[in-house]
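Colleague: For reference, the sequence and a predicted model appear below.
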Amino acid sequence: MTTIIDGKAFAARVRGQVQAHVARLVEERGIQPGLAVVLVGEDAASQVYVRNKHASTIEVGMASFEHRLAAETSEGDLLALVRQLNADRSVHGILVQLPLPPHLNSELIINTIDPAKDVDGFHISNVGLLGTGQKSMVPCTPLGCLMMLRDHHGSLSGMNAVVVGRSNIVGKPMAQLLLGESCTVTIAHSRTKDLVAVCRRADILVAAVGRPEMITGDYVKPGATVIDVGINRVARNGKTKLVGDVEFASASAVAGAITPVPGGVGPMTIACLLANTLTACCRANGLPEPEGLTA
Ligand code: GUN
């Protein structure tokens, strides 16, 4: 029997843990974690993400600070806002929604965020800390995948993990996290030779390629755990449908466990953003980190 890993239920559990911890912080110490989200421009998908982040932040009892700036905002003005948020003691997490309009230097903006408040884990300091196995802020999507894998397997030590995709946001940090769990890790990508054979060696297969339904059952070792990070909108029978990077029907027939799309990794990303904000708040106040919500 294949286990369908229910990311929606798992994310609800994580949000519940965050909410309970926030309530204790407020009640016992008068500290309310705060998340600032900066959106520049009118990108439709980004507007939906930012709205969802705001609603979830409020729901767990945190303060939400939204900054919506015009598409033509100058780099100087955006940097000034980031520096203002860095200095604001009521803000524990800062997220600048990507992509930014093309006239803005994303790397410069992200690297201006105080690394301790970088709840995306994109700042070069956090990338370096994660790469060297030190305490860092961990990107939300890979953190969510790790939580689900730990929950399903317990120890991941000695397992063969293949991550398909080498992005800075998912593939590379995912590989670092799995290495931290003592997996034997392969990062595969579009130039990998005999990708099917490489993937078929995986006990844990993470698909983060951004190509709809590319990973079919042929890529999956019988009994493997398949984590599908893809979120692709495709046209089917005159309607748009959300599909992952994994072809669910064929892959789930072979896998031991698999995350569906929708309802797998997706809901975990926002839950982990809230977890990271709580972690940042605890660290800023010299308090113990929330158990089970960090890497
Ligand atoms: N745009 C799409 N996903 C993300 C994310 O996780 N963080 C940021 N900052 N921007 C995004």
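Modeller: That came through, no problem.
Colleague: Spit out the contact partners of whichever residue of the stretch 51-200 of the chain sits closest to the ligand.
Modeller: Going by C-beta to the nearest ligand atom, the ligand is nearest to residue 98 of the stretch 51-200 of the chain, at 3.7 Å. (C-beta placed from N, C-alpha, C; glycine too.) Neighbouring residues of residue 98 by C-beta atoms under 8 Å, 6 or more residues apart in numbering: 46, 106.
Colleague: Which of the helices or strands spans it?
Modeller: Element membership of residue 98 [criterion: DSSP states H and E] is none; it lies in no helix or strand.
Colleague: residues near residue 210, how many?
Modeller: Residue crowding around residue 210 was assessed by other C-beta atoms under 10 Å; the count is 14.
Colleague: where do the strands sit along the protein?
Modeller: With strands called from DSSP state E, the chain shows them at 3-4, 34-40, 63-69, 93-96, 160-164, 184-188, 204-207, 225-228, 232-236, 239-243, 257-258.
Colleague: how about these in TSV, adding distance to the ligand and mean pLDDT?
Modeller: Putting those into TSV (distance: least, C-beta to the nearest ligand atom, whole Å; pLDDT from 0 to 100) gives the following:
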stretch	distance to the ligand	mean pLDDT
strand 3-4	24	98
strand 34-40	8	98
strand 63-69	13	98
strand 93-96	5	98
strand 160-164	17	99
strand 184-188	20	98
strand 204-207	16	99
strand 225-228	16	99
strand 232-236	14	94
strand 239-243	15	96
strand 257-258	23	98
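Colleague: Format the ones you listed as CSV; extra columns: mean neighbour count.
Modeller: Output for the strands of the chain, formatted as CSV (neighbours: other C-beta atoms under 10 Å):
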stretch, mean neighbour count
strand 3-4, 14
strand 34-40, 24
strand 63-69, 16
strand 93-96, 26
strand 160-164, 26
strand 184-188, 19
strand 204-207, 30
strand 225-228, 28
strand 232-236, 11
strand 239-243, 12
strand 257-258, 22
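Colleague: how about those strands in CSV, adding distance to residue 250?
Modeller: Formatted as CSV, the strands of the chain follow (distance: least, C-beta to C-beta, whole Å):
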stretch, distance to residue 250
strand 3-4, 15
strand 34-40, 38
strand 63-69, 41
strand 93-96, 36
strand 160-164, 16
strand 184-188, 19
strand 204-207, 13
strand 225-228, 11
strand 232-236, 16
strand 239-243, 13
strand 257-258, 11
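Colleague: do you know which of those strands lies nearest residue 53?
Modeller: strand 34-40 (5.6 Å; C-beta to C-beta).
Colleague: Give the pairing partners of the closest one; include direction for each.
Modeller: strand 63-69 (parallel), strand 93-96 (parallel) (DSSP bridges).
Colleague: can you list the residues of the stretch 1-150 of the chain near the ligand?
Modeller: 49, 95-98, 120, 140 (C-beta under 6 Å from any ligand atom).
Colleague: Need the max-distance pair from these.
Modeller: Going by C-beta to C-beta, the pair spanning these furthest: 96 and 140, at 13.8 Å.
Colleague: Could you tell me which residues touch both of these two?
Modeller: residue 120.
Colleague: ok now do residue 252, which residues does it touch?
Modeller: 2, 4, 226, 258.
Colleague: Please report how far it lies from residue 215.
Modeller: Using C-beta to C-beta, to the nearest Å, residue 252 is found at 11 Å from residue 215.
Colleague: Can you check which residues contact both of the two?
Modeller: residue 226.
Colleague: Which pLDDT value belongs to the most centrally placed residue in the chain?
Modeller: With distances taken as C-alpha atoms, centre = their mean, the residue of the chain nearest its centroid is residue 141 (1.7 Å). Looking at residue 141, its pLDDT stands at 98.
Colleague: again with residue 265
Modeller: 98.
Colleague: Excluding residues flanking it in the chain, which one is nearest it?
Modeller: Counting by C-beta to C-beta, 6 or more residues apart in numbering, residue 265 lies nearest to residue 229, which is 5.2 Å off, once chain neighbours are set aside.
Colleague: ok, the residue lying closest to residue 170 once chain neighbours are set aside to the ligand distance?
Modeller: In space, and not counting its chain neighbours, residue 170 is closest to residue 208: 4.2 Å by C-beta to C-beta, 6+ apart. Note on residue 208: its distance to the ligand, by C-beta to the nearest ligand atom, to the nearest Å, is 13 Å.
Colleague: In the stretch 151-295 of the chain, which residue sits nearest the ligand?
Modeller: Nearest residue of the stretch 151-295 of the chain to the ligand (C-beta to the nearest ligand atom) works out as residue 269 at 6.2 Å.
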